[in-house]
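Chemist: Turn this into a structure:
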Amino acid sequence: MIERIKLLMESKDLSLSQFADMIQIQRSSLSHVMNGRNKPSLDFILKILACYPEINTDWLLFGKGDMDNVPNLFSTSDEEQVDESINDYISENKSLKEENESLLELNRQKDAELMAALSNSEELKSDISHLKQTCDALEQELEEKSKKLAEEKIPEPEKVVNTEIKTEVRQIKQVLLVYDDGDLEAYDHKNQL
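Modeler: Numbers count the residues shown, from 1 in each chain. Below you'll find the predicted structure:
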């Protein structure tokens, strides 16, 4: 229909502004229709037909017939034809309205899903922040314990004096270290166990 409106404007040698003024609609409304942002309303079409009665309604609405068609205004068949065209247009608009409502409902559902996902994301961020704080606290505690252990003096082992002199030579087979936290480490003369 937009192409046919453009043809009508060209045939009357009118700009968008002039055409909007002629059919008594806002220039922005005409611009929205011509750019495909909005569909022409019934009021919009009726204003075109009122301003240009010589335009064939079927041509304007459906592209049927010639542009110029001066009907007999007192003919019942023409009135019926106009009524039928208008009814077809209204029916088409109803189906478009239902489709738009369906799309709006789908958009609402998608918005709800997006909000739920965003909420989950915020909960995950909170969990991650809590875990990071816990890790930081554990690292700090580990550092403090390490410093404390480093500061503690390890007592010198008591010297054991062997009063007996044995002639046989003994070799160390294994050394066992016992730590204050209960851990053990064993070493042999070749490798660490």
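Chemist: make it CA atoms for all contacts and neighbour counts henceforth
Modeler: Will do.
Chemist: so where is this protein shaky, pLDDT-wise?
Modeler: By pLDDT under 70, the low-scoring segments of the chain are 70-78, 153-167, 169, 189-193.
Chemist: Can you give me the domain boundaries for it?
Modeler: 1-70, 72-154 (automatic domain parsing).
Chemist: most packed of those domains?
Modeler: By mean neighbour count, with neighbours taken as mean count of other C-alpha atoms under 10 Å, domain 1-70 ranks first of the domains of the chain at a mean of 15.
Chemist: now that one: how far from the chain's centre is it?
Modeler: Distance of domain 1-70 from the chain centroid (C-alpha atoms, centre = their mean, to the nearest Å) equals 38 Å.
Chemist: Grab the longest helix from the chain for me.
Modeler: The single longest helix within the chain, with elements called by DSSP state H, is helix 76-151.
Chemist: That one: what's the following helix or strand?
Modeler: Following helix 76-151 in sequence order, the next helix or strand is strand 174-178 (DSSP states H and E).
Chemist: hang on, the earlier thing: nearest to Gln171, of the domains of the chain?
Modeler: Taking C-alpha to C-alpha, domain 72-154 is the member of these nearest to Gln171, at 26.2 Å.
Chemist: Please tell me how far that closest one is from the chain's geometric centre.
Modeler: Centre to centre, stretch against its chain (C-alpha atoms, centre = their mean), the figure for domain 72-154 is 6 Å.
Chemist: The most centrally placed residue in the chain and Met67: what is the separation?
Modeler: Central residue check for the chain by C-alpha atoms, centre = their mean: the C-alpha nearest the mean position is that of Leu114, 6.9 Å away. Using C-alpha to C-alpha, to the nearest Å, one obtains 49 Å as the distance from Leu114 to Met67.
Chemist: Likewise for Leu42?
Modeler: Counting by C-alpha to C-alpha, the gap from Leu42 to Met67 is 19 Å.
Chemist: could you dump the domains of the chain to JSON lines with distance to Leu176?
Modeler: As requested, the domains of the chain are exported to JSON lines (distance: least, C-alpha to C-alpha, whole Å):
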{"stretch": "domain 1-70", "distance to Leu176": "86"}
{"stretch": "domain 72-154", "distance to Leu176": "17"}
